[in-house]
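Chemist: Structure of the sequence below:
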Amino acid sequence: MHKALFSIGPVTVYGYGLMIALGIILIFIMFLRLAPKYGLDPDIYFNAAVLGVVTGLLGAKVMYWLVEIDEVIKDPSMMLRLDGGFVVYGGLIVGITVPIIYLCGIKKLPILQAFDIAAMLIPFGQGFGRIGCLLSGC
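Modeler: As a prediction, the model looks like this:
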């Protein structure tokens, strides 16, 4: 397939990463447009979404280290590499849990309306991810 779409100097853009990024951006834009229709403050939920993306990436990386613990023990310097090495389940677990804690525990906001919007938008993100997998040869 087309793992690397193009390169600009030392930077290579891969199909999978590009499609994941496009899916995240699309969901952000659509959520921010739908939030006021559900009576939600877009700023607070935008903050929660950014928190979810950042902590989700961290969770995916940590899960990769746990899955590949034998390799990490052999070469701990691999933990410093930023290219590749993410496990989606770690990202999902942390990337969903942290925003829920933020919204319900810290901001004391109802979460069900946000879940209604998320349920409509997650398939779009999943679709972009599947296209990324196809480009990557999965």
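
Chemist: shaky segments in this protein?
Modeler: 1-2 (pLDDT under 70).

Chemist: Which phi and psi values does Ile111 adopt?
Modeler: phi -100, psi -20 (degrees, to the nearest 10).

Chemist: just use 48 as the starting number from now, easier for me
Modeler: Noted, 48 is the first residue going forward, which turns the last one into Ile158.

Chemist: What about Ile91, how many residues nearby?
Modeler: Ile91 has 15 neighbours, counted by other CB atoms under 10 Å. Just so you know, the C-beta spots here come from the backbone N, C-alpha and C atoms, and that holds for glycine as well.

Chemist: name the element the spatially most central residue of the chain belongs to?
Modeler: Centroid-nearest residue in the chain: Val100, 4.5 Å away (criterion: CA atoms, centre = their mean). In the assignment (DSSP states H and E), Val100 maps to helix 89-114.

Chemist: buried stuff in that helix?
Modeler: Across helix 89-114, burial judged by 16 or more other CB atoms under 10 Å covers 92, 95-96, 98-100, 102-103, 105-112.
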